[in-house]
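**Student:** here is a sequence together with a model predicted from it:
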Amino acid sequence: MSDGQLAGDKWDMAADADLSVVIEEAKLDNFHEECGVFGVYGHPEAANLVYLGLYALQHRGQESAGIVSSNGKVLISHRGMGLVADIFNTKVIEQLEGTSAIGHNRYSTTGSTTLKNCQPLVVEYAKGGLALAHNGNLVNFSELREQLEKNGAIFQSSSDSELIIHLIASAQAPDLPDRLIEALGQVRGAYSLVLLTERQMIAARDPWGFRPLVLGKLNDATIVASETCALDLVRAEYVREVEPGEIVVIDEEGIRSLRPFAAMAPRRCVFEYVYFARPDSLLYGRNVYQVRKLQGRALARECPAEADIVVPVPDSGNAAALGYAEESGLPFEMGLVRSHYVGRTFIEPRQSIRHFGVKIKFNPVVGLLRGKRVVLIEDSIVRGTTLRKVIPMLRQAGAREVHMRIAAPPTTNSCFYGIDTPNRDELLASRHSIEEIRKYITADSLAYLSWDGLYSFLGNGSREGYCDACFTGNYPVEVPRDREPHQLHLFEAADHHFNGGGRADRLA
Ligand code: AMP
């Protein structure tokens, strides 16, 4: 194998793919993933607050968004494809009247089918209107859907969230909280949910607590959000997490907490700390930025490098790079600048520009890098696409050496609980040694953070309470075998949009 090549391997093709503008309809869109949810009960400007909450949660999903409000009599809904700022305007927000509202941001593959999959899903069923916003993946979705369809159910979307609606509709209990308990008793997997009826808002989190969900307070109003950064924007006070396995019912009678399911050992997603959550959020009781910095410090202790400067791959490597710089005593430099205005597609000039896809997003700071030995910090390597392009760019800009340091252990397994990762076979670290990966990304050296380093923020070294299946393959909830190919399709569809640029390219 020559430097920078995984010969005869499809990775190689992905890395060298030319940029072209391709929008292809997603053939398989039965996951929803990487979503953000927000809900407000008891505020005269409920929809406006939800709009702001979704704005703060934009990093959790950029392809569609929606808000459903209740004026006490009916549910009013507005959903669309695109970013929150593009979907809503003052007129729309005014039409979303009422004192309670819920909203959802979603990453999805695109195409004509996806508007149907936009959330919150809204239905009229025997008991009235019902809207639902879901972050997570249900692993027994296919099996339950098949059963329901055999009994005559007709699904409007291909999203697993609709399954919960069907299960609620066919439940026997008289009121919604009990119907929800019946429904959730049948599903397995990850869900952080917010539901809205004409008179009630309900928040629910699966017994493992895979995805985050928090409660906030704004005067007399109750807020539910995926992350605390959304509470901050509306000046709501953080109250606490919705606990794993908890259902919180909010209505005229006040707030009540139900714990209908047998207690489980929680398995909160550790990858939210590594990459996904916003650094200013308080996640599972700890600030994400500080956790990432601690991971960067641990990385510096475990994997030092003879170098002149520490440079992050922005923005995902920023906090860890600061930690690395502090611990190593090396200067921190923003040697790569990232454009925050990268859209979904680009019109490429006919004469194709080499590495255009990554250049539109990152550009090196030439004067700064010339002659320097660089420690480059990134949170994770998925397919290696970004680094395979960024490292040669740094060298072209004059960097003498590039020592790659990853602030998490190798990502070797897919996530089936709400974070979109490719099929296991496509994860670089699942099939290649660290040395092979080093050659592929063309770094002078490569090292990953250890397990202990990853959990260094805990202080006691215990990894209990976290899901780290993407690093270990240790899945707390069994995943049916047929899920892997689906995951692959999803990733492939996204790749078409982003020119073989890898997952990171989707996050503008
Ligand atoms: P790759 O270029 O395929 O190796 O992707 C690595 C980049 O993707 C890094 O910048 C990560 O921060 C980012 N990343 C890791 N996991 C995900 C994910 N699930 N969704 C989006 N981006 C991700």
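**Tutor:** It's in.

**Student:** Phe457 - how many residues pack around it?
**Tutor:** Burial measure for Phe457: 19 neighbouring residues, criterion other C-beta atoms under 10 Å. Bear in mind the C-beta positions are built from the backbone N, C-alpha and C, glycine included.

**Student:** isn't it up against Leu283?
**Tutor:** No. Counting by C-beta atoms under 8 Å, Phe457 sits too far from Leu283 to count as a contact (10.4 Å).

**Student:** any regions of the chain where pLDDT drops low?
**Tutor:** Across the chain, the stretches falling below the confidence threshold (pLDDT under 70) are 1-33, 108-113, 343-345, 461, 481-508.

**Student:** could you chop it up by domain?
**Tutor:** Per the record, the chain has its domains at 3-29+288-472, 32-136+189-267+495-507, by automatic domain parsing.

**Student:** so does the helix or strand containing Lys389 get close to the ligand?
**Tutor:** Element membership of Lys389 [criterion: DSSP states H and E] is helix 385-396. Yes. Residues of helix 385-396 contacting the ligand under C-beta under 6 Å from any ligand atom: 385-386.

**Student:** for that helix, packing partners?
**Tutor:** Using 3 or more C-beta pairs under 8 Å, 6 or more residues apart in numbering; DSSP states H and E as the contact criterion, the secondary-structure elements in contact with helix 385-396 are helix 10-16, helix 356-359, strand 362-364, strand 373-378, strand 401-406, helix 434-441.

**Student:** give me the neighbour count for Met264.
**Tutor:** Applying the criterion other C-beta under 10 Å, we find 14 residues in the vicinity of Met264.

**Student:** kindly apply the preceding question to Glu243 instead.
**Tutor:** 17.

**Student:** do the same with Pro422
**Tutor:** Neighbour tally, Pro422, other C-beta under 10 Å: 25.

**Student:** circling back: now the common contact residues for Phe457 and Leu283.
**Tutor:** With C-beta atoms under 8 Å, 6 or more residues apart in numbering applied, the overlap between the contact sets of Phe457 and Leu283 consists of 273, 291.

**Student:** and the gap between the residue lying farthest from the centre of the chain and the ligand?
**Tutor:** Here the chain has its C-alpha centre computed as a mean, and the residue farthest from that point, by C-alpha atoms, centre = their mean, is Gly371 with 37.0 Å. As defined by C-beta to the nearest ligand atom, to the nearest Å, Gly371 lies at a distance of 26 Å from the ligand.

**Student:** could you pull up the residues touching that residue?
**Tutor:** Listed by C-beta under 8 Å, 6+ apart, the contact set of Gly371 reads 398, 400.

**Student:** work out for me the element Ile223 sits within.
**Tutor:** In this structure, Ile223 sits in strand 221-225 according to DSSP H and E.

**Student:** nearest to Pro177, of the domains of the chain?
**Tutor:** Among the domains of the chain, the nearest to Pro177 by C-beta to C-beta is domain 32-136+189-267+495-507 (5.1 Å).

**Student:** which parts of the stretch 151-300 of the chain are strands?
**Tutor:** For the stretch 151-300 of the chain, applying DSSP state E, counting those that start in this stretch gives strands covering 192-196, 201-205, 214-218, 221-225, 237-241, 247-251, 254-258, 268-269, 282-283, 286-287.

**Student:** can you spell out which helices and strands pack onto the second one?
**Tutor:** With contacts defined as 3+ C-beta pairs under 8 Å, 6+ apart, the packing partners of strand 201-205 are strand 33-41, helix 176-184, strand 192-196, strand 221-225, strand 247-251.

**Student:** switch to 6 Å and redo it
**Tutor:** Secondary-structure packing of strand 201-205 (3 or more C-beta pairs under 6 Å, 6 or more residues apart in numbering; DSSP states H and E): strand 192-196, strand 247-251.

**Student:** now the ones you listed in TSV, with mean neighbour count?
**Tutor:** Supplementary listing: the helices and strands packed on strand 201-205 in TSV, determined by neighbours: other C-beta atoms under 10 Å:
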stretch	mean neighbour count
strand 192-196	29
strand 247-251	21
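
**Student:** ok, which of the strands of the stretch 151-300 of the chain comes nearest the ligand?
**Tutor:** strand 268-269 (10.9 Å; C-beta to the nearest ligand atom).

**Student:** name the residue of the stretch 51-200 of the chain that lies nearest to the ligand.
**Tutor:** With C-beta to the nearest ligand atom, the shortest gap between the stretch 51-200 of the chain and the ligand falls at Tyr107, namely 8.1 Å.

**Student:** please apply the same query to the stretch 1-150 of the chain.
**Tutor:** Checked against the ligand (C-beta to the nearest ligand atom), the nearest residue in the stretch 1-150 of the chain is Glu34, 6.4 Å away.

**Student:** same deal with the stretch 151-300 of the chain?
**Tutor:** In the stretch 151-300 of the chain, the residue found nearest to the ligand is Tyr275; the distance is 5.0 Å by C-beta to the nearest ligand atom.

**Student:** tell me if I'm right that that residue and Asp379 touch.
**Tutor:** Yes. With contacts defined as C-beta atoms under 6 Å, Tyr275 counts as touching Asp379 at a distance of 4.7 Å.
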